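*Asks:* Predicted model, plus sequence, below.
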Amino acid sequence: MGIGFIELFWVLGFVVVKDPEGQRGEKSARREVLRRIYSAEVGVREATGKNDGPRVQQYLHMVGRRGNYSYCSAFVSWVFSKAGMAEPRTAWSPTMFPDKRVIWARAVGGHTPQTGDVFGIYFQELKRIGHCGFVDSWNERWCITVEANTSDTGSIVAADGFGNPIRAGPGEGVYRKKRLVKTIYKVAGWVSNK
């Protein structure tokens with residue numbers, strides 16, 4: 001049938017659609033809720049450019065942090081919390097990408113990332129994922145993102161000849177960005193991992 005195992009039942013003159021694989025409609029609705037929440041945060045700025053300000057502190061508080069810490073993962077956790085999801089809850093970007101959640105990786109490909117999935121960028125100097133945010137849309141070349149602890153002119157905007165990100169400055173708030181797919185290292189699916 002091409003759309004899965006949908007069964008149609010005729011009950012009292014009404015057609016009822018049953019989806020035994022899961023809640024496709026629920027997943028789609030959850031993705032839209034995530035999009036509304038993270039999009040509403042675009043424009044949040046740090047108070048003095050030192051990972052500070054009232055909203056930044058709310059993101060950090062969600063993951064048990066107080067003070068002036070990097071907050072890209074805390075932002076992602078805060079958005080999932082506002083959408084009614086119990087996880088992820090982490091201040092450390094590498095933990096956003098457990099193997100069971102990874103749906104796409106630069107080295108091997110995978111499922112096409114969707115709205116609300118979480119992207120990660122690998123930093124050679126850290127030897128780990130050092131930044132994350134939300135996938136808003138995706139095609140073979142570009143990924144539109146919403147992410148925190150970044151900037152519109154700086155941060156990672158390109159890749160070197162090996163696909164490694166090039167950093168051009170510190171973060172300062174929540175932005176919608178256009179990134180080259182080849183700068184993205186992994187994508188995790190927290191709404192559904194398939």
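*Replies:* Great, that's in hand.
*Asks:* what ranges do the helices span in this protein?
*Replies:* Taking DSSP state H to define them, one finds helices in the chain at 24-40, 54-62, 72-82.
*Asks:* counting contacts, what elements does the last one pack onto?
*Replies:* When contacts are defined as 3 or more CB pairs under 8 Å, 6 or more residues apart in numbering; DSSP states H and E, helix 72-82 packs onto helix 24-40, helix 54-62, strand 128-138, strand 142-150. Every residue, glycine included, has its C-beta placed from N, CA and C.
*Asks:* same thing with the second one?
*Replies:* Judged by 3+ CB pairs under 8 Å, 6+ apart, helix 54-62 is in contact with helix 72-82.
*Asks:* How far off centre is the helix it packs on?
*Replies:* Helix 72-82 has its C-alpha centroid displaced from the chain centroid by 9 Å (CA atoms, centre = their mean, to the nearest Å).
*Asks:* Reformat the helices and strands packed on helix 72-82 as JSON lines; add distance to residue 184, mean neighbour count and mean pLDDT.
*Replies:* Shown next, in JSON lines, are these (distance: least, CB to CB, whole Å; neighbours: other CB atoms under 10 Å; pLDDT from 0 to 100):
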{"stretch": "helix 24-40", "distance to residue 184": "17", "mean neighbour count": "16", "mean pLDDT": "91"}
{"stretch": "helix 54-62", "distance to residue 184": "22", "mean neighbour count": "19", "mean pLDDT": "97"}
{"stretch": "strand 128-138", "distance to residue 184": "9", "mean neighbour count": "23", "mean pLDDT": "97"}
{"stretch": "strand 142-150", "distance to residue 184": "6", "mean neighbour count": "23", "mean pLDDT": "96"}
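*Asks:* Save the ones you listed as CSV, and put in distance to residue 114 too.
*Replies:* As requested, the helices and strands packed on helix 72-82 are exported to CSV (distance: least, CB to CB, whole Å):
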stretch, distance to residue 114
helix 24-40, 6
helix 54-62, 23
strand 128-138, 7
strand 142-150, 11
